[in-house]
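Novice: Show me how the following folds:
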Amino acid sequence: MSIPQSGGGQIEHAGQLAEYLAAGCKPQSDWRIGTEHEKFGYCQNTLEPLPYEGPRSIRAMLEGLRDRFDWAPIEEGGKIIGLEKDGANVSLEPGGQLELSGAPLENIHQTCDEVNEHLRQVKSVADDIGAAFIGLGAAPVWSHAQMPMMPKGRYRLMTDYMQKVGTHGLQMMYRTCTVQVNLDFGSEPDMVQKLRVALALQPVATALFANSPFFEGKPNGHKSWRARIWRDLDPDRTGMLPFVFDEGFGFEQWVDYALDVPMYFVYRDGRYIDATGQNFRDFLRGELPALPGEVPTLSDFADHLTTIFPEARLKRFIEMRGADGGPWRRLCALPALWVGLMYDQAALDAAWDLARGWDAETREGLRVAASVEGLAARVGTIRMLDLAREVVAIAEAGLKSRARPGAGGMLPDETHFLNALKESLETGQTPADEMLARYHGEWAGDLSRIYAEYSY
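Specialist: Numbering: from 1, shown residues only. All right, here's what the predicted structure looks like:
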């Protein structure tokens, strides 16, 4: 979850909102890669989730990272709730999932170095306090009652509201983890093409990265339970957004959509003011019940954008949101997949050629089938495994064209970061398939073995 936004003056007219988004346009030389990933922390002796307080806790993790590796603390209400350093930040999801929001970097080599260094730091602190971390899309065993709540005002408001909309909101907040990448665009037409490709092909990422076949101690019937959760969370702020594929879509149409998404909060003077269910259009008129007579700032609008949760999200960049959290190789593979598709024009055109003929029903069908069957999904004549092979091949061509060397020039490009995905395509097996085979085989139904075998 995002930290509060800052900067930006008072909104004087609605046109400023589209201008705010358009200000994200950058020349290709300035395009960057921002990778985010979440993981579950647990106590090594009990295999239960880390509480916020105590000698073996989330707080101890944050303080250890602060003191040992020179991260600057972020506090709310006098409690440490995050860290920042060199353009990156460490934040907390509602149930204590630890998230790295990486710095904007130029290539995947740098991204993977950042991931590796972060996990090394986390393991160093965790080992000393008797904790460990695991990368999965959903908590495999823990119940909601076992999950702590982090001391963030935003999460208290969301927890109450999530119980009024959908049926899976609390599961999303407290018991899921993702890996995502944030990418830039050069112009409004470039944004439109990228967002359409991102939404249409997000089910492919869901299938390739499916890594949550267990929930509450048993198989759940889905390869990605996390993706299933998102399908019944809050229809006002989730989904595949068919309007993005309408002729004439652009920044203004995204603003119209965002203004109709019910609000969660307004952030003022270090506290979250409850505005759940209220309307940002009323806020623009100075008629918000939570703050009567006050009109919003651009930072309020930026905060509101962080409360919208479709499969791909537009801010001043585009977020790819469809993948389960997972092992380190896939933390590097996710940005490699999307950078290969998005940052080379020939690859982007080829990706759009794959999806341009699909209607909304097909796109939604792929989304549903990916969560259930992973790479074995089929929608009409589309076989997910075949589609994924085409998508990864396009991404590989895009990375070759980018030709960003690494390892002091020893590596000519970034294509090797796709190897984990290519292995899945060769076998037809996702991480979820591999774990289910172990559960029904050598684990003999003992799901506690997942911690020793899959932790970082």
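Novice: For whichever strand or helix holds W254, name the packing helices and strands.
Specialist: For W254, the element it lies in under DSSP states H and E is helix 251-260. Secondary-structure packing of helix 251-260 (3 or more C-beta pairs under 8 Å, 6 or more residues apart in numbering; DSSP states H and E): helix 15-22, helix 280-284, helix 298-305. Where C-beta positions appear, they are placed from N, C-alpha and C, glycine not excepted.
Novice: now these in a markdown table, with mean pLDDT and mean neighbour count?
Specialist: A markdown table is the format used below for the helices and strands packed on helix 251-260 (pLDDT from 0 to 100; neighbours: other C-beta atoms under 10 Å):
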| stretch | mean pLDDT | mean neighbour count |
| --- | --- | --- |
| helix 15-22 | 97 | 18 |
| helix 280-284 | 96 | 19 |
| helix 298-305 | 97 | 22 |
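Novice: buried set for the helix holding W254?
Specialist: Within helix 251-260, the residues that qualify as buried are 251-252, 254-255, 257-259, counting by 16 or more other C-beta atoms under 10 Å.
Novice: Mind checking what helix or strand follows the helix or strand containing Y439 in sequence?
Specialist: Under the criterion of DSSP H and E, Y439 resides in helix 431-440. Once the chain leaves helix 431-440, the next helix or strand it forms, by DSSP H and E, is helix 449-454.
Novice: residues near L288, how many?
Specialist: The local packing of L288 (other C-beta atoms under 10 Å) involves 23 other residues.
Novice: Provide a list of residues in contact with it.
Specialist: 263, 266, 275, 278-279, 282, 294 (C-beta atoms under 8 Å, 6 or more residues apart in numbering).
Novice: could you flag which of these are buried?
Specialist: Using 16+ other C-beta under 10 Å as the burial test, the contacts of L288 include 263, 266, 275, 278-279, 282 as buried.
Novice: Show the contacting residues for the residue lying closest to P148 once chain neighbours are set aside.
Specialist: Counting by C-beta to C-beta, 6 or more residues apart in numbering, P148 lies nearest to P51, which is 4.9 Å off, once chain neighbours are set aside. Applying C-beta under 8 Å, 6+ apart to P51 gives the contacts 57-58, 96, 148.
Novice: Please render the contacts of L288 as JSON lines that adds secondary structure and distance to R449 to the earlier fields.
Specialist: Formatted as JSON lines, the contacts of L288 follow (DSSP: H, G, I helix; E, B strand; the rest coil; distance: C-beta to C-beta, whole Å):
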{"residue": "M263", "secondary structure": "coil", "distance to R449": "44"}
{"residue": "V266", "secondary structure": "strand", "distance to R449": "46"}
{"residue": "A275", "secondary structure": "coil", "distance to R449": "45"}
{"residue": "Q278", "secondary structure": "coil", "distance to R449": "47"}
{"residue": "N279", "secondary structure": "coil", "distance to R449": "49"}
{"residue": "D282", "secondary structure": "helix", "distance to R449": "53"}
{"residue": "E294", "secondary structure": "coil", "distance to R449": "54"}
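Novice: Phi, psi for the closest residue in space to V192 that isn't next to it in sequence please.
Specialist: Leaving aside its chain neighbours, V192 sits nearest to F249 (5.8 Å; criterion: C-beta to C-beta, 6+ apart). Backbone geometry at F249, expressed as degrees, to the nearest 10, gives phi -60, psi 140.
Novice: And the pLDDT for G8?
Specialist: You'll see G8 listed with a pLDDT of 67.
Novice: tell me the contacts of V244?
Specialist: 192, 195-196, 199, 253-254.
Novice: nope, F214 is what I meant
Specialist: Residues in contact with F214 (C-beta under 8 Å, 6+ apart) are 138, 140-141, 220, 225, 435, 439, 447, 450.
Novice: which of these lies closest to R175?
Specialist: Here the nearest of the contacts of F214 to R175, counting by C-beta to C-beta, is A138; it sits at 5.8 Å.
Novice: Could you give the number of residues near the closest one?
Specialist: Quick note: A138 (other C-beta under 10 Å) scores 27 neighbours.
Novice: what residues are up against it?
Specialist: 171, 175-177, 212, 214-215, 225-226, 229, 324 are the contacts of A138 under C-beta under 8 Å, 6+ apart.
Novice: With adjacent residues omitted, what lies nearest to it?
Specialist: Using C-beta to C-beta, 6+ apart and skipping residues adjacent in sequence, the residue nearest A138 is S212, 3.7 Å away.
Novice: Touching, that neighbour and G326? I think so.
Specialist: No - between S212 and G326 there is no contact under C-beta atoms under 8 Å: 9.3 Å.
Novice: Give me the common contacts of those two.
Specialist: Jointly contacting S212 and G326 under the rule C-beta under 8 Å, 6+ apart are 136-137.
Novice: wait, is G82 part of a strand?
Specialist: Yes - with DSSP: H, G, I helix; E, B strand; the rest coil as the criterion, G82 is located in a strand.
Novice: The closest residue to it other than its chain neighbours: what secondary structure?
Specialist: Ranked by C-beta to C-beta, 6+ apart and with sequence neighbours excluded, the top spatial neighbour of G82 is I74, at 3.7 Å. Using three-state DSSP, the structure places I74 in strand.
Novice: I74 and E84 touch, don't they?
Specialist: Yes - between I74 and E84 there is a contact under C-beta under 8 Å: 6.1 Å.
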